[in-house]
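In: Turn this into a structure:
(2 chains)
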2 protein chains.
Amino acid sequence: MGDPIVDAATAAAAAALLPTTRDQRAAWLERLAAALEADRATLVALAAEETHLSEARLDGEVTRTAAQLRFFAGVAREGAYLEAAIDSPDPALIPPRPDLRRMLRPIGPVAVYTASNFPFAFSVLGNDTASALAAGCPVIVKAHPGHPRLSRRTAELALDVLPNGWFALVEGMEAGVALVQHPAVRAAGFTGSERGGRALFDLAASRPDPIPFYGELGSINPVIVTRAAARERGADIGAGLVGSFTRDAGQYCTKPGLVFAPSGEGVDDAVAAALGSAPASRQLTDGMSAAYAEAIELFGADDDATVLLGIDHPGASVPAVVLTDAAAFIAGPDRFLQERFGPVTVVVSYRDEELPAVLAALQPSLTATIHRGAGEDVTALAAALTPIAGRLLFDGWPTGVAIGWAQHHGGSWPATTASIHTSVGATAIRRWLTPIAYQDAPQDVLPPELRDGNPLAVPRRES
Amino acid sequence: MGDPIVDAATAAAAAALLPTTRDQRAAWLERLAAALEADRATLVALAAEETHLSEARLDGEVTRTAAQLRFFAGVAREGAYLEAAIDSPDPALIPPRPDLRRMLRPIGPVAVYTASNFPFAFSVLGNDTASALAAGCPVIVKAHPGHPRLSRRTAELALDVLPNGWFALVEGMEAGVALVQHPAVRAAGFTGSERGGRALFDLAASRPDPIPFYGELGSINPVIVTRAAARERGADIGAGLVGSFTRDAGQYCTKPGLVFAPSGEGVDDAVAAALGSAPASRQLTDGMSAAYAEAIELFGADDDATVLLGIDHPGASVPAVVLTDAAAFIAGPDRFLQERFGPVTVVVSYRDEELPAVLAALQPSLTATIHRGAGEDVTALAAALTPIAGRLLFDGWPTGVAIGWAQHHGGSWPATTASIHTSVGATAIRRWLTPIAYQDAPQDVLPPELRDGNPLAVPRRES
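Out: The predicted structure follows:
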């Protein structure tokens, strides 16, 4: 054994050269899902110990992670993701058109930097790994230091299922830095902080041969409650908000961290009332708890803000609501726009005439939410939020990111480092693929997906 | 009037906020095509003066450029490029699935850095501009200093057709540097040298908010002639090669710059024979001619290389063939892998057992070409070239890049800065789009392409 990065990268590069079929990879993904489920009890117990998340939540996350793996098995089997297209020859065109056949091919070995807050769904066998394997790319996972034993145990499952070279786990900050710079690594996925993501993005971009770096960096997830919505169901909205931002100690990248409530409609009172019964939970790491306490202190020292605290428990982070108003927000938005991991949200009371200035001060986010009155026309508000929202949702809460073909979990900087791609949903696979066009190729050279007669019956465009 | 970059970016940012329909933009593109054709005689004369390319070639390029504009009008009208997808709600899933509707939206103002060697097709109204307008993105073009008057005249046509803010032309190196760093610019396209492209890519990546930079940097475009092909039609291959690499003074990014010919089959003799009747042409700029002369001198001083020269003409660059062998190539590939603008190619004589080492020394390219014998099995050779080829072609020459749905003009570094996208073909539009997902959205907020009943009848996935 030499250097673990070099060993893993060399093996991955060799694996990447051996062709696999979509069916083979789909079967791997299904076996990984089954392996996770078979080891569920041990994994959940280990995760609970290392992350302080509840067993119920972790059990659900195992189910989600297995569902993701199976979902990407389906994506691989169907083959639409290949974007197969055939142009028939046409010598009359200017320029003349030969026989052209295009599809996507795996980009090569992928580095996956895992998240602390989803020890299954965005970790060793999470979305990035599932989508990269579906695409046909060997994966080298950088374990998150927040759950090292769980990472190793999950990695053992992966190593049992996957052929040699298709999976490796590396640990430690130094390994992470070396990984994104290794010549064999062709792309990287990351879920984590803006600071860490930016550092790795910079390394990826400054390579002699730059590689794509897909970083999901987190988000403030603004919510706008219209006056009509507040009048219709202000109490429900207040309770719903508290449920969402305190869920699992407020450690979701989709946590609603900044809520605009119309002045004088009592949404703040409803929030305050719901806060009294919100649970205090222990955060993922002591470092996070300390950063959370510091943030609450900072808000407390802000003359423009009032901090309401929920019930405290020893060792837990106390739920908190920061109340301020639109004038204060507009005068100094930065203090309210920074993501704070933990059970806190900022509620900004606004008068209707202040809304345009409020909207102008927002920055891109993974999600934006509108709570509207029944039948209320919110098209203008939606249009204003469209450029800054990866996902725009209505009358609900952004926590909970469903799996599907129409999901998008992304957004412009600072939500991600690569706004045109997603880290959740079927199209997450596109990050690990690169096109190739075959011109006047003999049938036996073509991948079966591009051969005459479409023998594998993949969705295909022919023109 | 203030700073031209600030003015252009401010106007583009304002234009980007006003919604347009796909039909509107398609009509603009068609009017731009017609405007180009109507001004053809003047444009061609101006281009010939500034670029020294032949009027016949330039006339054909106007036709191509108009065809590109109309092609992207069709892409916009059809709407498949939106990748519209709808997931119906399913509360039984884990996690539960709401109503999710995803499509692509314009990313915002786009900077286009034009090329010297295609003063129409990759310049002011070229592929990048056409695809960005089709996507719904205002365009700011940085003119190439090689054809300033043509650029200005083409820009006038664009300004006549396009609404305020949708198009601007800026000039000068300083403007180019400022453009890619301007906060309103959301993506950039570039066709040019590795050095220039890398410098702009680094600026784009080091912004406080990094933006995608799509640089097509050129290529060596390796060609492998198999022994069977050489025996069957070595003379034709030699003549075809000379025609391809000397075409328009050898100034194509798809010029075959490195050709592997089997030893002892006479391909080199055929090349030498054809070289005698190859035209000498004036290059685009004096700087390029000087760089070309220097490159030929460098090859001449290389003990491992023999330089054959074609017929010289005053003021023109003389066509040249550099002969070497696989042992020399393997021992020092870098000197032969650098793209040389001008009518020169390197012919490497190889023995069959040297081919694996030759292939291992290659680097990614926009194209790779195989000339094979009739019915010859070249699957292993094709598999070896697949990871390094944007387009893999057979029994032809890479110059000439057809327009279509199945085209790909890209490749891994150093062919481009962004290997997962293309600068030619329908999917070039994907570079200027970013996804948005709507969750539980009211019908009137949704773009028509995502509404119930699919009123605009766009291709759409529903699940």
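In: mind giving me the domain split of chain A?
Out: What automatic domain parsing lists as the domains of chain A is A:4-217+A:416-462, A:222-394.
In: Just put the ones you listed in JSON lines and tack on mean pLDDT, distance to B:Ile237 and mean neighbour count.
Out: The way it works is simple: take the backbone N, C-alpha and C, and place the C-beta from them, glycine included. Formatted as JSON lines, the domains of chain A follow (pLDDT from 0 to 100; distance: least, Cβ to Cβ, whole Å; neighbours: other Cβ atoms under 10 Å in any protein chain shown):
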{"stretch": "domain A:4-217+A:416-462", "mean pLDDT": "97", "distance to B:Ile237": "15", "mean neighbour count": "21"}
{"stretch": "domain A:222-394", "mean pLDDT": "96", "distance to B:Ile237": "52", "mean neighbour count": "20"}
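In: Could you pull out the strands in the stretch 351-463 of chain A for me?
Out: All strands of the stretch 351-463 of chain A, identified by DSSP state E, counting those that start in this stretch, fall at A:365-371, A:389-394, A:433-439, A:461-462.
In: hmm, back to that, tabulate the domains of chain A (JSON lines), appending distance to B:Arg431.
Out: Formatted as JSON lines, these follow (distance: least, Cβ to Cβ, whole Å):
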{"stretch": "domain A:4-217+A:416-462", "distance to B:Arg431": "8"}
{"stretch": "domain A:222-394", "distance to B:Arg431": "18"}
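In: Chain B contacts on the stretch 251-400 of chain A?
Out: For the stretch 251-400 of chain A, the contact set with chain B under Cβ under 8 Å from any Cβ of the partner chain comprises A:372, A:377-379, A:382-383, A:386-387, A:389-396, A:400.
In: Spit out the contact partners of the nearest residue in space to A:Thr191 that is not next to it in sequence.
Out: Spatial nearest neighbour of A:Thr191, chain neighbours left out: A:Ala115 (3.9 Å); criterion: Cβ to Cβ, 6 or more residues apart in numbering or on different chains. A:Ala115 makes contact with A:Phe122, A:Ser123, A:Gly126, A:His144, A:Thr191, A:Gly192, according to Cβ atoms under 8 Å, 6 or more residues apart in numbering or on different chains.
In: tell me the helices in the stretch 101-250 of chain A, going along the chain?
Out: Assigned by DSSP state H, counting those that start in this stretch, the helices in the stretch 101-250 of chain A fall at A:127-135, A:148-161, A:173-179, A:194-205, A:227-246.
In: Return the distance of the third one from the chain's centre.
Out: On the basis of Cα atoms, centre = their mean, to the nearest Å, the separation between the geometric centre of helix A:173-179 and that of its chain is 21 Å.
In: Which strands or helices does it pack on?
Out: Helix A:173-179 sits against helix A:4-17, strand A:139-142, helix A:194-205, with contacts defined as 3 or more Cβ pairs under 8 Å, 6 or more residues apart in numbering or on different chains; DSSP states H and E.
In: again, only this time at 10 Å
Out: Using 3 or more Cβ pairs under 10 Å, 6 or more residues apart in numbering or on different chains; DSSP states H and E as the contact test, the elements touching helix A:173-179 are helix A:4-17, strand A:110-113, strand A:139-142, strand A:167-170, strand A:187-191, helix A:194-205.
In: So what are the sheet partners of the second one and their directions?
Out: The strands beside strand A:110-113 in its sheet (DSSP bridges) come out as strand A:139-142 (parallel), strand A:187-191 (parallel).
In: pLDDT at A:Met1, what is it?
Out: On the pLDDT scale, A:Met1 is placed at 53.
In: residue in the stretch 251-400 of chain A nearest to chain B?
Out: Minimum separation of the stretch 251-400 of chain A from chain B (Cβ to the nearest Cβ) falls at A:Leu393, amounting to 3.6 Å.
In: is it true that that residue touches B:Leu100?
Out: Yes: contact between A:Leu393 and B:Leu100 holds when scored by Cβ atoms under 10 Å: they sit 9.2 Å apart.
In: Flag every residue of the stretch 51-200 of chain A that's near chain B.
Out: Along the stretch 51-200 of chain A, the residues adjacent to chain B under the rule Cβ under 10 Å from any Cβ of the partner chain are A:60-64, A:66-67, A:71, A:80, A:83-90, A:93-108, A:121, A:186-187, A:198.
In: can you pull the contacts of A:Val378?
Out: A:224, A:226, A:228-229, A:370-372, A:384-385, A:394, B:441-442, B:444-445 (Cβ atoms under 10 Å, 6 or more residues apart in numbering or on different chains).
In: would a markdown table of these with distance to B:Leu433 be doable?
Out: As requested, the contacts of A:Val378 are arranged in a markdown table below (distance: Cβ to Cβ, whole Å):
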| residue | distance to B:Leu433 |
| --- | --- |
| A:Ile224 | 25 |
| A:Thr226 | 30 |
| A:Ala228 | 33 |
| A:Ala229 | 31 |
| A:Ile370 | 23 |
| A:His371 | 29 |
| A:Arg372 | 27 |
| A:Ala384 | 20 |
| A:Leu385 | 18 |
| A:Phe394 | 23 |
| B:Ala441 | 19 |
| B:Pro442 | 24 |
| B:Asp444 | 23 |
| B:Val445 | 20 |
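In: can you tell me which of these lies nearest to A:Pro343?
Out: Comparing the contacts of A:Val378 against A:Pro343 with Cβ to Cβ places A:His371 closest, at 20.4 Å.
In: and that closest one, bridged to which residues?
Out: A:Val225.
In: who are the neighbours in contact with it?
Out: A:His371 is in contact with A:223-226, A:228-230, A:232-234, A:236-237, A:240-241, A:259-261, A:267, A:378, A:393-397, counting by Cβ under 10 Å, 6+ apart.
In: Over to A:Trp28?
Out: So A:Trp28 contacts A:Thr20, A:Leu69, A:Ala73, A:Ala76, A:Leu133, A:Ala134, A:Ala158, A:Val161, A:Leu162, A:Pro163, A:Trp166, A:Phe167 (Cβ under 10 Å, 6+ apart).
In: So which elements touch the lengthiest helix in chain A?
Out: Criterion DSSP state H: the longest helix present in chain A is helix A:55-78. Using 3+ Cβ pairs under 10 Å, 6+ apart, the elements in contact with helix A:55-78 are helix A:22-38, helix A:40-51, helix A:127-135.
In: so can I have TSV of these showing distance to B:Ala361?
Out: As requested, the helices and strands packed on helix A:55-78 are exported to TSV (distance: least, Cβ to Cβ, whole Å):
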stretch	distance to B:Ala361
helix A:22-38	31
helix A:40-51	46
helix A:127-135	28
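In: Looking at strand pairing, list the partners for the spatially closest residue to A:Ala441 that is not a sequence neighbour.
Out: Leaving aside its chain neighbours, A:Ala441 sits nearest to B:Phe394 (5.3 Å; criterion: Cβ to Cβ, 6+ apart). Going by DSSP bridges, B:Phe394 is paired in beta bridges with B:Ile370.
In: pretty sure B:Phe394 contacts B:Thr367?
Out: No: the criterion here is Cβ under 10 Å, and B:Phe394 misses it with B:Thr367 at 11.2 Å.
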